[in-house]
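Undergrad: The following comprises the amino acid sequence and a computationally predicted model.
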Amino acid sequence: MSGFKRVLILGTGPTSIQLAVNFKKLLHSYVGIAGRESVRSEMFFDALQQSNHLIRVSIQNDQHQKMKGECFIDQVFNGYETIKGEWDTIIFSVTTDAYMDVIKQIHDKVLKQVKCIVLISPTFGSNSLISHYIKKLQINSEIISFSTYFGDTRWMHDRPSNHVLTTAVKKKIYIGSTHIPSENVDNLVKGYAKLGVAIEIMETPIEAETRNISLYVHPPLFMNDFSLNAIFGDLETNKYVYKIFPEGPITQYLIRDMLSQWKEIMNILEKIKINRLNLLQFMTDDNYPVRLESLSRHDIENFTHLETIHQEYLLYIRYTSLLIDPFSEPDENGRYFDFSAVPIRKIFVNREGCLDIPRMPKEDYYRIKIIQGIANYLELNCPTIDKFIKTYERKIEEVAQSRRGELLSDAFVVQHFDEDLHMICGEIGNLMEAKTLK
């Protein structure tokens, strides 16, 4: 376990606490946590100080006992620029759009000691971004990408503290590394297996990054007029992410866009010689299953070969089948658990006192702009992705204009992410060249 003797986790969200407990318990690592200085992180650092660096993870479901635990954090850094010492591994447990901002604050002297960088919840191209940056510093660290974080972890009492609650754990995730073979990857696979999480090793990091369901479902679910009005408007009633219109955004047209966007992303994968993805199989086998009475194995496995209208029909069935949890126990009235009742969160005033946009769709905006930029680099048309971005940007500009004079976060500004795209596309170009030479 030499690669994980000294592990530094970047980020002060709930995920960081779960990861710290995992690395302590499974790999007996010396663990540090670093975060940026902010009003939000101040509450976290204060809680750590009051508990003498003790952190706790509780669980919602008994089957996740192995995630539970507590431990002491060995070192804490308030501000990324304050990080010092030698670290074998640094783990990015921050939002994908913050990767460059965070790594630029860490002293080069610290980065040059790092042998492995792990990206917990990257997006398509994140590994390429970090790879390009550290190559410029003449560092040859291994960079590992997971497809996504393995669970759902939140603050125990809805505010930053030293105590979190893990409510769900995925059965399977994916991983890819810049170094093959990789002892670090092997150790992570063994460690996660003890937690009940299966990990499939992909040929490349970017292939692992394409196995994130958010890439395929969040833009159509959030970047439409219905959801954006629920997020930014003054509606009295709640609207729900996974419900059928008029309770939620799902219509035949949204399903059509979801399918079209998947096909556009598959064209990108094909161009850079990465294995395509069966969207329906990925949804049902790797994310949330439905009963075979609703979707047959034959339809699931042959989804990619069907006509467009048939594919749309099956995707619509998938979402209607998950309006309730089909595997829950009905109550005395025969009602199943209301699985789809996930409220669309509204804009809010953040801890810095600025009006802000919820993580969904704020983080999805970065993801989809990066995918659009990669498509443009590869000279591929992506009209559906273009439509999502245009709809979202028009809305944030309209809201920013109507709230002129108020304190607004940077999320209300149209972004281009040119620097990130330059680095990502440069690495993708190298990857394509290397595959051509093979």
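TA: Noted; the coordinates are in hand.

Undergrad: sec struct for Tyr253, please.
TA: helix (DSSP: H, G, I helix; E, B strand; the rest coil).

Undergrad: does Val31 count as helix, strand or coil?
TA: Quick answer, by three-state DSSP: Val31 is strand.

Undergrad: Show me what it bridges to in the sheet.
TA: Per DSSP bridges, the residues bridged to Val31 are Val7.

Undergrad: Which residues are in contact with it?
TA: Counting by Cβ atoms under 8 Å, 6 or more residues apart in numbering, Val31 makes contact with 7-9, 20, 23-24, 71, 73-75. Backbone N, C-alpha and C define where each C-beta goes, glycine included.

Undergrad: pLDDT weak spots in the stretch 51-200 of the chain?
TA: Within the stretch 51-200 of the chain, not a single segment meets pLDDT under 70.

Undergrad: need the strands for it, in chain order.
TA: 54-59, 69-72, 75-78, 89-92, 116-119, 142-146, 151-155, 163-169, 172-177, 198-201 (DSSP state E, counting those that start in this stretch).

Undergrad: Let me have those in CSV, adding mean neighbour count and distance to Ala400 as columns.
TA: Formatted as CSV, the strands of the stretch 51-200 of the chain follow (neighbours: other Cβ atoms under 10 Å; distance: least, Cβ to Cβ, whole Å):
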stretch, mean neighbour count, distance to Ala400
strand 54-59, 19, 38
strand 69-72, 16, 44
strand 75-78, 17, 32
strand 89-92, 24, 29
strand 116-119, 24, 31
strand 142-146, 25, 33
strand 151-155, 18, 29
strand 163-169, 19, 34
strand 172-177, 22, 37
strand 198-201, 16, 42
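
Undergrad: and of those strands, who's closest to Gly429?
TA: Gly429 sits nearest to strand 142-146 of all the strands of the stretch 51-200 of the chain, at 17.4 Å, using Cβ to Cβ.

Undergrad: Mind giving me the packing neighbours of the closest one?
TA: Secondary-structure packing of strand 142-146 (3 or more Cβ pairs under 8 Å, 6 or more residues apart in numbering; DSSP states H and E): strand 116-119, helix 126-136, strand 172-177, helix 183-194, helix 205-209.

Undergrad: Which strands and helices lie in contact with the first one?
TA: Yep, that's strand 116-119 we're talking about. By 3+ Cβ pairs under 8 Å, 6+ apart, strand 116-119 packs against strand 89-92, helix 126-136, strand 142-146.

Undergrad: From Ala434, how far off is Ser16?
TA: In this view, Ser16 and Ala434 are 34 Å apart by Cβ to Cβ, to the nearest Å.

Undergrad: Looking at these two, which is more packed in?
TA: Per other Cβ atoms under 10 Å, whichever of Ser16 and Ala434 has more neighbours is Ser16, with 25 against 11.

Undergrad: what helix or strand does the more buried one sit in?
TA: Ser16 is part of helix 14-27, with elements assigned from DSSP states H and E.

Undergrad: ok, Pro330 touching Asp338?
TA: No: using Cβ atoms under 8 Å as the test, Pro330 is too far from Asp338 to be in contact (11.8 Å).

Undergrad: What residues does Glu200 make contact with?
TA: Listed by Cβ under 8 Å, 6+ apart, the contact set of Glu200 reads 172-175.

Undergrad: what's across from it in the sheet?
TA: Beta-bridge partners, per DSSP bridges, of Glu200: Tyr174.

Undergrad: and the one residue sitting closest to the centre of the chain, backbone torsions?
TA: Central residue of the chain (Cα atoms, centre = their mean): Ser121, 4.3 Å from the mean position. For Ser121, the backbone dihedrals are phi -140, psi 70 (criterion: degrees, to the nearest 10).

Undergrad: what does Phe226 give?
TA: When quoted as degrees, to the nearest 10, the phi and psi of Phe226 stand at phi -60, psi -50.

Undergrad: my guess is it contacts Ile244, does it?
TA: No: if you go by Cβ under 8 Å, Phe226 and Ile244 don't touch, sitting 11.3 Å apart.
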